[in-house]
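Enquirer: sequence isn't available, so here's the structure alone:
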């Protein structure tokens, strides 16, 4: 197989030199640097026997016709957050490009199944706060009514910015047409976490994306003077919140991959001389197993009630957002595991805490899998984001092997 | 004794009608409503055989000459916080006025010792953040260099505002001359806490003002993605702060009157999807016993270090402010206790968590005591601040008895 891992790294570096400044990558979706990245990417396709077009939601589709119309989709996103890293998103696109080049060569331009590379539009949601924009339109889970009026920091509306880029927000659901003949979806991404680095492994198979329960929790006690109010009569809302901040940890640790995070605490009146009368906290809980997630949510709610009673406070919960766990396809997980073992000797299976376009594709019923490559220090969305070159090369090799395996899986009689 | 408790309440109500609006009292020091309150108060003095003048720091002194030059000082403050209550400060001044009227009548204008009523300037520090302004100048603990450049919300400087009121900030130390012949100081105040109400008692003797240790505490961990960072590798600065928020309570509860308060917690980045990398908290600890306060401070520091280590964080402490405990005079405490028992049957001794002008007077070496009257619901600095009329009347009666006792205590050969 003529896959050339060093070419992936060369492409990544070329893209970085075109679209990053001293603060990092600046490929914010719908903006000039992102459009420049897409134009550069299209030049890379010119030598290949492929058709390309943008769908109604701004996703770029690159199609290599195969003997069968049944298609293997290879995807990721070129857009980045402001001051982003050199790998998040574009690694998946450029590794897919290298795999596509190898398939063209291996099969003399006519593989057994159709290969479609997709560059999803606005995965990050960095400008309008709507992540997975393009892949949700593809999956049919778009939320046009809610998104139409979203504005960026300058007050520009998503609807208008889309129009300037040539897209009509009322028609983005037409991207669903691209689902026709889709037989499998593969995405490579950096882990954006510390698990593979801790294990000393370059690559992992992603089991799915975790479900998320995201809530605002308010404890109400009684503001009181810090000097004149005896400890025994206080109704300290912070104490109740502090107990919950600690209790969510054993709740999560009952399960191997669960996480629970209190990311924000605000105290009112929030002055040095007053007992906290109101404490507002946020809670974000994730697990791949819906039953586990539901159990964690119940346990956290019960604990918060118990702590509120202990502190003579009350507590209110308000859901900010939630999503179900999205498991990937068992056959593809197995194939991915094989490909990794063939290239790196050892594989590891792990869930993804962050969401990815792959979650939307899986929600559309298309067999899906993701491969993770190790992140250094778990850093991402940051100029310091990095992965060892040898691991990027192993990723390109395993990815190419996996495309072979999935092509055969698609082609075999079911 | 012709003391008339109902006249105190009538005076309080008259002052309220002149200087409060629908949001509460508005007698902010150095402002027009405060000046109006002082002018009104001076009209109340016109019928009395007293000398009156403002000292160099803006304190108003009203002197009734006695047989001896040795003086009993009766004080409190007419200034209020914005949207303040109808009792904080002015209750002490108007009860002193009623006691002064009674003494004039009882002794036909010539008591055995000199009586001096003082209305302290700017006790609250509401406008410039410098509380106990006038009484600290009296005590010789003024901090002119630090206070000169203080500004209010409009950017006006304390120095300039003082000048407009006729006072030169560089000369406020001249108020120290008023210490001459001061033999004792008495102040009545609402408790501003729930202790007497919980005990069902109208009045209490104040043992002194608690010392205060006030600190900013910063825990430093590592900001991390809430979805991709396993529980086991987190360095959660909020968890360390939450442990401390709970641990300060048993530290304080080892001692009967200690209090410890975490009044403010701030989380950074403070978003729902990130483990807290930095947590800034405040701690306010108070006790009447300096050794107890020092022990609490040591224990809180040690606990914070232990929690930081447990959470793989670091911790830094920065002192915001501190003051030593200021015990009142044992003889005067005993006399106050007697006066309360004679009027109300039962007394109670308690420390004051909040500071008062009496603390500055005691620091100047003048024998000092305070009497507290019950607060309803512990509320203060608030339009809802209130005390039962029957308790205000008992306070006026006990206060007048106590002035008698202290006059005799001063007059007796030492």
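Expert: It's in. Please read all numbers here as calculations on a predicted model, not as lab measurements.
Enquirer: so where do the strands sit in the stretch 101-250 of chain A?
Expert: In the stretch 101-250 of chain A, the segments counted as strands under DSSP state E, counting those that start in this stretch are A:113-119, A:182-190, A:203-209, A:211-220, A:224-225.
Enquirer: which residues touch residue A:48?
Expert: Neighbour list for residue A:48: A:62, A:64, A:100, A:101, A:104 [criterion: CB atoms under 8 Å, 6 or more residues apart in numbering or on different chains]. Glycine gets a C-beta too; all of them are placed from N, C-alpha and C.
Enquirer: what separates it from residue A:98, distance-wise?
Expert: Noted for residue A:48: a distance of 11 Å to residue A:98, by CB to CB, to the nearest Å.
Enquirer: circling back to that earlier point, dump the contacts of residue A:48 to a markdown table, plus distance to chain B and pLDDT.
Expert: Shown next, in a markdown table, are the contacts of residue A:48 (distance: CB to the nearest CB, whole Å; pLDDT from 0 to 100):
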| residue | distance to chain B | pLDDT |
| --- | --- | --- |
| A:62 | 29 | 98 |
| A:64 | 33 | 98 |
| A:100 | 28 | 98 |
| A:101 | 31 | 97 |
| A:104 | 34 | 97 |
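Enquirer: tell me the one among these nearest to residue B:164.
Expert: residue A:62 (76.2 Å; CB to CB).
Enquirer: that closest one pairs with what?
Expert: Beta bridges link residue A:62 to residue A:52, residue A:117 when assigned by DSSP bridges.
Enquirer: for residue B:361, find the nearest of the strands of the stretch 101-250 of chain A.
Expert: Of all the strands of the stretch 101-250 of chain A, strand A:224-225 sits nearest to residue B:361, with 21.7 Å by CB to CB.
Enquirer: which other helices and strands contact that closest one?
Expert: Counting contacts by 3 or more CB pairs under 8 Å, 6 or more residues apart in numbering or on different chains; DSSP states H and E, strand A:224-225 packs against strand A:274-275.
Enquirer: list the contacts of the strand it packs on.
Expert: By CB under 8 Å, 6+ apart, the residues outside strand A:274-275 that reach it are A:221, A:222, A:223, A:224, A:225, A:226, A:229, A:234, A:235, A:236, B:261, B:263.
Enquirer: and residue A:27, what element?
Expert: Assessed by DSSP states H and E, residue A:27 sits outside every helix and strand.
Enquirer: any idea how far it is from chain B?
Expert: From residue A:27 across to chain B, the span is 20 Å (CB to the nearest CB, to the nearest Å).
Enquirer: now swap in residue A:154 and tell me
Expert: 22 Å.
Enquirer: okay, now the sheet partners of the worst-scoring helix or strand of chain A on mean pLDDT, with direction.
Expert: Least confident helix or strand of chain A, by mean pLDDT, DSSP states H and E, is strand A:224-225 with a mean of 88. Strands adjacent to strand A:224-225 in the sheet, as given by DSSP bridges, are strand A:274-275 (antiparallel).
Enquirer: check contacts around the residue of the stretch 51-200 of chain A found nearest chain B.
Expert: Per CB to the nearest CB, residue A:193 is where the stretch 51-200 of chain A lies closest to chain B, at 3.0 Å. Residue A:193 makes contact with A:353, A:375, A:378, B:225, B:227, B:228, B:229, B:230, according to CB under 8 Å, 6+ apart.
Enquirer: now do the contacts for the residue in the stretch 301-414 of chain A that chain B sits nearest to.
Expert: The stretch 301-414 of chain A approaches chain B most closely through residue A:353 (2.7 Å), counting by CB to the nearest CB. Residue A:353 sits next to A:193, A:209, A:210, A:259, A:286, B:225, B:226, B:227, B:228, B:229 when contact means CB under 8 Å, 6+ apart.
Enquirer: and the helix of greatest length in chain A with strand A:182-190, angle?
Expert: The single longest helix within chain A, with elements called by DSSP state H, is helix A:389-411. Inter-element angle recorded for helix A:389-411 and strand A:182-190: 170 degrees (by axes from the mean of the first three to the mean of the last three CA atoms, to 10 degrees).
Enquirer: the stretch 101-250 of chain A against chain B: which residues are in contact?
Expert: A:191-195, A:198, A:210, A:212, A:214, A:224-233, A:238-239, A:241-243, A:245-246, A:249 (CB under 8 Å from any CB of the partner chain).
Enquirer: which ones among the residues you listed lie within helices?
Expert: Mapping these onto helices (DSSP H) picks out A:195, A:198, A:238, A:239, A:241, A:242, A:243, A:245, A:246, A:249.
Enquirer: the fifth one reaches residue A:217, doesn't it?
Expert: Spelled out, it's residue A:241. Yes - counting by CB atoms under 8 Å, residue A:217 is a contact partner of residue A:241 at 7.5 Å.
Enquirer: those two: which has the busier surroundings?
Expert: Between residue A:241 and residue A:217, residue A:241 has the larger neighbour count (other CB atoms under 10 Å in any protein chain shown), namely 33 against 22.
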